[in-house]
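Q: Structure here, sequence nowhere to be found:
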């Protein structure tokens, strides 16, 4: 178990504060309209990687200041798209590039804790993709302007959005969002199913997300969350394979201390106090899927 | 073709009555709040397995008494989760367990007849998963309290729900339901897409489901249903593979007596009387997917 | 680049007119209730195949005359289903048949331009499947009667609908639509998520679709659309594989002339004028998936 002093990480693009099992990440680039750039990608990857391993963290909420110009205004392209690429990309050709939006998305998606995006402002481009889609749950301000503008800017969908978005809302809605590049309100039927809750007032978005985060930090088992997220992301190819996977997971979780406490607390009509910690998962079977790290440009599947 | 006297099955946990092509299964554990336990799982598996083979059955409706405390209140965990496991599970280790919720879910999911759940009461845990998700269609009472409480009880999602739920409603909604463990009303946008119809009055849920069941028993071809369910569950990995599969299925169904009657009845503007029976499907190609029985703890994929 | 004179194609079942990057296909069988038959399938396949290769085409809109009896009334089965089959199908057995609905669906689905169906009338059977599901976006008249009647006619779902429909709207809605064979209004929650927009007045459906088509023809990059459609249809099996694919695509599109123009136009707050053409895609990596042509009855996967 890693003990992380998030305040000592010398983060600049984000502020990370752990309080009672909830790690709150606040985007700290309001002066740059919370654009995606600078050290933001590497700080996000580092923080989510650490939070995944830090047993004290049960839920992560990411948000912006509610009076910032945007939740995340996307990449800064005032100098063109060339800024996306590194010198070695140019030398080594088209296979060398690794999109940082995808790196961030994978760090969030693969985090075994509950992740919540509190989208309390406008969002564009990577602000819609990496900064929202890999999260488990999304809260949004009803007045936010939301846009996936890629086809109107001459590039393609990025940050693993062509994988995540159709899975989240189906291909009919994903097509409407990604292929038109139009701007949507959260209440549009084309995008509303992306969100756990749509909040009328901007300043109420983060408190609503935090309330659920605190509830889950107190009342949800870290082990249950990790196994359930694993099953949702790696369910097996058939119902039969899924049955074998969830049966084995159930034997492991159901024999643990959290399950005993969960049943007892339910019987006694009181909140549970789950004792288990994720770092103590003892079966070598978990994770049952192959862990692949493709972040480096020379890594292969 | 098996001729089954459902009344002679000596069922205790359920009542099964066949009338005019519709097999109605009524949960018969109101005194135990229709909890999932006792002989319920084995009786359900046995009944759905038989109904699959019984040519007289065209549609199956499962429901509860409309004045029962719940449609299905889930597993009884007053003595903890240990009751889930069999002695051999403990001896043979973590690979030996086979979740009975998954066994029931597979029996329903793999049944080749139309299956309808008439959820006329509250539902929790396995009452939401095995008792609802594997059905083709779900009717629900608007006043029902619905909850997938697993993460708040220290265990993981079971009964193949991590396979079925994201396929039914997408990962955005599945995350909201499974990872929060919150209680939902059927009209919540987070769960409403799970249901074919939401019915205001509790006592009207089963009649509405039965009306559709009778309609389909009279007017839908058993062969059409079996092939269409097969295609939906086993569509091929690509559009090209699906084209080859549905073309071959179409040649078989389109050359049959039901197709001739279907076209003639449509032309003559009268209800069809489909003569074919599922046990008479003659192509060795059907089923085109591999049948795997993993119910036994030593069975493998 | 193929220069196609659509007016010279001697089309009978459809009318095809290219105007400013938008190819409008109008079904021309109003006297036959726009039934699916005659030369319609082969003309559609030919036109979509050509439009895919014709760099002038950026968006394709398919519609019917707004006073026709139907958008597409489905196959004419007044003489039974036998008309579906060719003589060689009968001789060569059940593997020889290739459903023309699937052929049309694949031609539309695999077209690399934006495809829009403007469903300004009733639709049944293949009028719901091949004539709607493979399109990127669907507009519909609120008063349209929509039905997938297959199970009530004795045949199975066709035209790759068992592949496309669950992907578009999820299995819960797909089950309700395909297994009941009932008639739906576009505003029903069971089918509404299939549509980009539901239009109250019939005569307004095509103009609304055309307005979006003209917008996208002017303001969306042909290269962006082709790569984004490729990523949505062939996203890789895991998030890691998707990351590698969209990173490589991004290096290619982001280094191109359209991306430069997209960024510049955005900076200068003016509409873009994208110079690239799809026939000039130079990376041998594109397409990254295997192209399979299974249209011929002897073709294999």
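A: Everything's here; your move. Remember, predicted model here, so these are calculated numbers, not experimental data.

Q: CA only for contacts and neighbour counts going forward, please
A: Will do.

Q: what about whichever strand or helix holds residue A:15, average pLDDT?
A: For residue A:15, the host element (DSSP states H and E) is strand A:14-19. Mean pLDDT, strand A:14-19: 96.

Q: Same question for stretch A:152-164.
A: pLDDT averaged over stretch A:152-164 gives 98.

Q: Run the contact check for that stretch versus chain C.
A: Yes. Applying C-alpha under 8 Å from any C-alpha of the partner chain, one finds stretch A:152-164 touching chain C at A:152-160, A:162-164.

Q: Neighbour count for the residues you listed - can I get that in JSON lines?
A: Output for these, formatted as JSON lines (neighbours: other C-alpha atoms under 10 Å in any protein chain shown):
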{"residue": "A:152", "neighbour count": "30"}
{"residue": "A:153", "neighbour count": "27"}
{"residue": "A:154", "neighbour count": "31"}
{"residue": "A:155", "neighbour count": "31"}
{"residue": "A:156", "neighbour count": "31"}
{"residue": "A:157", "neighbour count": "28"}
{"residue": "A:158", "neighbour count": "28"}
{"residue": "A:159", "neighbour count": "30"}
{"residue": "A:160", "neighbour count": "31"}
{"residue": "A:162", "neighbour count": "30"}
{"residue": "A:163", "neighbour count": "26"}
{"residue": "A:164", "neighbour count": "25"}
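
Q: Among these, which lie within helices?
A: Cross-referencing the residues of stretch A:152-164 next to chain C against helices under DSSP state H gives A:162-164.

Q: from the residues you listed, which is closest to residue C:57?
A: residue A:162 (24.0 Å; C-alpha to C-alpha).

Q: In the helix or strand hosting residue A:209, which residues are buried?
A: In the assignment (DSSP H and E), residue A:209 maps to helix A:205-219. Across helix A:205-219, burial judged by 16 or more other C-alpha atoms under 10 Å in any protein chain shown covers A:205-206, A:208-210, A:212-214, A:216-219.

Q: is it true that residue A:225 lies in a helix?
A: Yes. Under DSSP: H, G, I helix; E, B strand; the rest coil, residue A:225 falls within a helix.

Q: count of residues packed around it?
A: Residue neighbour count, defined by other C-alpha atoms under 10 Å in any protein chain shown, stands at 28 for residue A:225.

Q: Which residue is the nearest non-sequential neighbour of residue A:56?
A: residue A:21 (5.6 Å; C-alpha to C-alpha, 6 or more residues apart in numbering or on different chains).

Q: quick one: the one you found and residue A:215 touch, right?
A: No. Using C-alpha atoms under 8 Å, residue A:21 is not in contact with residue A:215; the gap is 10.2 Å.

Q: which neighbours do the two share?
A: Taking C-alpha atoms under 8 Å, 6 or more residues apart in numbering or on different chains as the contact rule, residue A:21 and residue A:215 touch no residue in common.

Q: how distant is the helix or strand bottoming out on mean pLDDT in chain A from the center of its chain?
A: One helix or strand of chain A scores below all others by mean pLDDT, DSSP states H and E: helix A:87-92, with a mean of 85. In terms of C-alpha atoms, centre = their mean, to the nearest Å, the gap separating the centre of helix A:87-92 from the centre of its chain is 29 Å.

Q: Over to stretch A:147-164?
A: From the chain centre to the centre of stretch A:147-164 is a distance of 17 Å (C-alpha atoms, centre = their mean).

Q: end to end, how far does it reach?
A: 16 Å (C-alpha to C-alpha, to the nearest Å).

Q: what stretches of chain A score poorly on pLDDT?
A: Low-confidence regions of chain A, defined by pLDDT under 70, span residues A:1-3.

Q: Let's see that with 50 instead.
A: Along chain A, the model assigns pLDDT under 50 to residues A:1.

Q: what domains does the record give for it?
A: Residue ranges for the domains of chain A, per automatic domain parsing: A:6-218, A:221-280.

Q: Rebuild the ones you listed as CSV, extending it with distance to residue C:228.
A: Output for these, formatted as CSV (distance: least, C-alpha to C-alpha, whole Å):
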stretch, distance to residue C:228
domain A:6-218, 5
domain A:221-280, 23
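
Q: Identify whichever of these lies nearest to residue B:118.
A: That would be domain A:221-280 among those, by C-alpha to C-alpha, at 22.9 Å.

Q: From what I see, residue A:279 and residue A:55 are in contact.
A: Yes. Counting by C-alpha under 8 Å, residue A:279 touches residue A:55, with 6.6 Å between them.

Q: out of these two, which sits in the busier spot?
A: Higher neighbour count among residue A:279 and residue A:55: residue A:55, with 20 against 14, using other C-alpha under 10 Å.

Q: count of neighbours near the one residue in the stretch 201-301 of chain A that gets nearest to chain C?
A: Closest contact between the stretch 201-301 of chain A and chain C, by C-alpha to the nearest C-alpha, is at residue A:294 (6.5 Å). Residue A:294 sits with 17 neighbouring residues when counted by other C-alpha under 10 Å.

Q: try residue A:238
A: Neighbours of residue A:238 under the rule other C-alpha under 10 Å: 15.

Q: How about residue A:33?
A: Residue A:33 sits with 17 neighbouring residues when counted by other C-alpha under 10 Å.
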